[in-house]
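> compute the structure for the input listed below.
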Amino acid sequence: MLRKEYAENPFQKEEYGRLLKLALGTRNQKQFCEDAGLSRSYINKYINAMMDKPPTIGTIEKIADATEDVSFEELLAAAGYDPEKHERKATLKGKVDDAGQYLLMPVLASIMNSAYEWSFTNEGYQDREPVRIEIENTPVKKWYFIPVTKKNITREDIMAVLMNEQNFTSTSKVSFVTKDEKIYDLIKSMQFPLLSLYVSAIRVNGKNIEESEVKTNQETDVKIVEAQHKNLFCID
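Down below sits the predicted model:
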């Protein structure tokens, strides 16, 4: 099927280029293209309104996964697709080499600055596995980090991850990582009183990391910001 058969409306190439520039944020084109897994020359042509055909929906999903500055729906509309007819695929378990990478790096750097005795046990999201570290001498033995890039996150999305991952045990901690304040507030307000698992929400806010425990039937002091510290770790 040709791409033009998917688009319900005309391609607004100038508006799409404007949104792509916003999507870059503070990154240059090279870094953004690496995060999105797309060709630099391909993105550059769209940014400069040099393409007359709209991108595929799959390409728009990659761009939306690599940014939190513009939405999937905004990109769809500019490309000529009806946002009400095209649903974005869930990205709770995306690859760390796209949007999740720049979310998790400050978090892992904070752990490096902590007093925990820890070690990596995988490189993250290989075979759809979340990034995981192991910690010594704490109630938490394995700590999992899951970047959240989906905009319309629900309790059901979070619960699906917590219930469907067989590696999570009562000595595991699962942290959902986001830059979005609304998503962070939503996740930290959730409660899973019957769940025997440590769960938290983490927000990456520039150089600062903040974390809130999500209510389950277990509590722990093992946090990015350790209990004895009043100030957030800062990555200089």
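> just say helix, strand or coil for residue 159.
Put simply, residue 159 is helix when judged by DSSP: H, G, I helix; E, B strand; the rest coil.
> what's the neighbour count on the closest residue in space to it that isn't next to it in sequence?
Spatially, and ignoring its direct neighbours in sequence, residue 159 is nearest to residue 192 (7.1 Å; Cβ to Cβ, 6 or more residues apart in numbering). Any C-beta I mention is one placed from the backbone N, CA and C, and that applies to glycine too. Neighbour count for residue 192, taken as other Cβ atoms under 10 Å: 17.
> for residue 80, see how far away residue 192 is.
41 Å (Cβ to Cβ, to the nearest Å).
> residue 67 too?
Remark: distance between residue 67 and residue 80 (Cβ to Cβ) = 20 Å.
> do residue 13 as well
Taken as Cβ to Cβ, the span from residue 13 to residue 80 is 10 Å.
> and the contacts of the helix or strand that contains residue 15?
Under the criterion of DSSP states H and E, residue 15 resides in helix 13-24. If you take Cβ atoms under 8 Å, 6 or more residues apart in numbering as the criterion, helix 13-24 is touched by 32, 43, 46-49, 51-52, 54-55, 63, 66-67, 69-70, 74-75, 78-79.
> name the helices or strands packed onto the helix or strand bottoming out on mean pLDDT in the chain?
Lowest mean confidence among the helices and strands of the chain (mean pLDDT, DSSP states H and E): helix 99-112, at a mean of 70. Judged by 3 or more Cβ pairs under 8 Å, 6 or more residues apart in numbering; DSSP states H and E, the packing partners of helix 99-112 are helix 29-36, strand 131-136, strand 142-147, strand 172-178, strand 198-205, strand 208-214.
> and the angle from the second one to strand 172-178?
When axes from the mean of the first three to the mean of the last three Cα atoms, to 10 degrees is applied, the directions of strand 131-136 and strand 172-178 differ by 140 degrees.
> buried sites along strand 131-136?
Using 16 or more other Cβ atoms under 10 Å as the test for burial, strand 131-136 gives 131-133, 135.
> how much space between residue 145 and residue 48?
37 Å.
> tell me which of those two has more neighbours.
It is residue 145, of residue 145 and residue 48, that has more neighbours when counted by other Cβ under 10 Å, with 24 against 13.
> shouldn't that one be in contact with residue 111?
No. Look at residue 145 against residue 111 with Cβ atoms under 8 Å: they stay out of range, at 9.3 Å.
> can I see the domain layout of this protein?
Listed domain ranges for the chain are 3-79, 99-214 (source: automatic domain parsing).
> check those domains for me: which has the lowest mean pLDDT.
Note on these: domain 99-214 shows the lowest mean pLDDT, a mean of 81.
> so how far is that domain from its chain's centroid?
11 Å (Cα atoms, centre = their mean, to the nearest Å).
> what's the answer for stretch 14-24, then?
Put simply, stretch 14-24 sits 20 Å off its chain's centre (Cα atoms, centre = their mean).
> so the residue nearest to residue 159 sits against residue 213, correct?
No. With contact defined as Cβ under 8 Å, residue 192 does not count as touching residue 213 (11.3 Å).
> overlap in contacts, these two.
residue 199.
> the residue nearest to residue 219 when sequence neighbours are not counted: how many residues sit nearby?
Leaving aside its chain neighbours, residue 219 sits nearest to residue 213 (6.7 Å; criterion: Cβ to Cβ, 6+ apart). Residue 213 sits with 17 neighbouring residues when counted by other Cβ under 10 Å.
> repeat that for residue 156.
7.
> can you pull the buried residues of the helix or strand containing it?
Here residue 156 sits within helix 155-164, counting by DSSP H and E. For helix 155-164, the neighbour count (16+ other Cβ under 10 Å) marks 157-158, 161-162 as buried.
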